[in-house]
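Q: no sequence on this one, just coordinates:
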């Protein structure tokens, strides 16, 4: 089994200790953009390998490190990774449109700071929320994806 930590929209704010501790037991960390500077990336990269995309608030240094979108393999599954763009009420349509021509099992996105976990058609759409936004997010959260042979599970971790 593979365990993946999923986070987005850290915005150069303090990373929660609970999340950092939890990420020590994952096999990979996925960041769906808006690090804002390289410090958050460097902190996560000291724990595990990081796969990421850049978001609309990311500096040129982050944009040099990561693509705007990518598809990664997690075991037998293809996962689209894209930060998202535009107003929160249209983000899901933007994210769906970004991967409409790709065969993906899951799409991980951020941008809205709103935790989201839903299967639409045959694709799971997952937004981990933000682990440290106390203004726009309904609560601080990150995600854990567990991949087994022919199945995967996804959950939010609410940071209290």
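A: Okay, I see it. This one's a predicted model, so the numbers in the text were calculated from it and none came from an experiment. Numbers count the residues shown, from 1 in each chain.

Q: excluding its backbone neighbours, what's nearest residue 137?
A: residue 113 (4.2 Å; CB to CB, 6 or more residues apart in numbering). C-beta: built from backbone N, CA, C; applies to glycine.

Q: residues contacting the residue nearest in space to the middle of the chain?
A: Central residue of the chain (CA atoms, centre = their mean): residue 32, 3.6 Å from the mean position. The neighbours of residue 32, taking CB atoms under 8 Å, 6 or more residues apart in numbering as the test, are 6-9, 52-53, 55, 81-84, 108-111, 127-128.

Q: how many neighbours does the residue nearest to residue 137 have?
A: By the criterion of other CB atoms under 10 Å, residue 113 has 23 neighbours.

Q: One more: the one 5 residues further on?
A: Residue 118 sits with 10 neighbouring residues when counted by other CB under 10 Å.

Q: Just the residues contacting the helix or strand harbouring it, thanks.
A: Using DSSP states H and E, residue 118 falls within strand 116-120. Identification of contacts with strand 116-120 by CB under 8 Å, 6+ apart yields 92, 96, 124, 125, 126, 127, 129, 143, 154, 155, 156.
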